[in-house]
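Visitor: Mind folding the following:
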Amino acid sequence: MAEEFVFGWHAVESVIKQEPLRLQEVLLQTGRRDKRVQSILTTLDELGVSWQEVHRRELDGRVGGVHQGIVARVSESREWSEADLLALVEGSAKPPLLLVLDGVTDPHNLGACLRTADATGVQAVIVPKDKSASLSPVARKVACGAAETVPLVRVTNLARCLRSLQDAGVWLVGAAGEAKATVYQADFTGPVALVMGAEGKGMRRLTREHCDQLIHIPMLGSVDSLNVSVATGVCLYEALRQRLA
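Guide: Alright, predicted model coming up:
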């Protein structure tokens, strides 16, 4: 079975809580013995997961990011399929809320979008397999545990997936700077998938054509656009506001 590394306290603690069977080994930076460390060591012992203390240099060599003194070696997570996604939509007890990221390539942006998706009740994040950031250790670190709670669905043909969602009754709302309607004029109370484009380029033409509605975020200052993860947060929190109301 393929293995991968998860690092950072939030990300590792999320794996321990959500998917403990994936844990192979946990490496901790030597010299730290506070309550947080003691708590996690007690949990690992109860789970029967091996752990060891190592020098910071070894942790630095295992991962290419800020590990905060903890790295977990885990088995590769199960990848969701398009069939899993449609089953989730059809079996949802409430109107599903989905997020589609069309070509977001920065793992930091992917992680930030996953974190906001978790906070706002998104049931799945959908990305194309090609020209899209993968669920790398960096993306998991930025997601602060959301990568273990929000399914990431990687699809071969995004346009086909969007058509399948429409056939299942999901309304596709795409964010585009030239759209006439604002995010506050969209109806997010029903089954909805928010579609966001890539950094700088926005949605691809075919993706845009599949959207049922296009919206924009009002911009009153001198800048003409927001970072994709920030824009995603603005739109998802408007969706949450409507759903809570």
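Visitor: In contact with G64, which residues are there?
Guide: Contacts for G64 (Cβ atoms under 8 Å, 6 or more residues apart in numbering) come out as P137, V138. In short, each C-beta sits where N, CA and C put it, glycine included.
Visitor: And the one 10 residues further on, by the same measure?
Guide: Taking Cβ under 8 Å, 6+ apart as the definition of contact, the neighbours of V74 are E3, E4, F5, V6, V15, E19, R22, L23, Q24.
Visitor: What sits closest to it if chain neighbours are left out?
Guide: On the basis of Cβ to Cβ, 6 or more residues apart in numbering, the spatially nearest residue to V74 that is not a chain neighbour turns out to be R22, at 4.4 Å.
Visitor: wait, doesn't the one you found sit right on V15?
Guide: Yes - R22 sits in contact with V15 when judged by Cβ atoms under 8 Å, with a separation of 6.1 Å.
Visitor: Which secondary structure element is home to E25?
Guide: Secondary-structure element containing E25, defined by DSSP states H and E: strand 23-29.
Visitor: What angle do strand 23-29 and the very next helix or strand once past that strand make with each other?
Guide: The element immediately downstream of strand 23-29 (helix or strand, assigned by DSSP H and E) is helix 35-47. In this structure, helix 35-47 runs at an angle of 150 degrees to strand 23-29, with axes from the mean of the first three to the mean of the last three Cα atoms, to 10 degrees as the basis.
Visitor: Run through the neighbouring helices and strands of helix 35-47.
Guide: Other helices and strands packing on helix 35-47, by 3 or more Cβ pairs under 8 Å, 6 or more residues apart in numbering; DSSP states H and E, are helix 9-18, strand 23-29, strand 50-54.
Visitor: ok, which stretches of the chain are helices?
Guide: Across the chain, reading from the start of the chain, the helices by DSSP state H fall at 9-18, 35-47, 56-62, 82-91, 107-120, 137-143, 158-167, 205-210, 228-244.
Visitor: And the first one, what's buried?
Guide: Counting neighbours by 16 or more other Cβ atoms under 10 Å, one finds that the buried residues in helix 9-18 are W9, A11, V12, E13, S14, V15, I16.
Visitor: so who does the second one touch?
Guide: The neighbourhood of A11, defined by Cβ under 8 Å, 6+ apart, consists of R140, K141, A143, C144, G145, A147, E148.
Visitor: so what are the domain limits for the chain?
Guide: Following automatic domain parsing, one finds the domains of the chain at 3-75, 82-244.
Visitor: What mean pLDDT does the last one get?
Guide: Yep, that's domain 82-244 we're talking about. Domain 82-244 carries an average pLDDT of 94.
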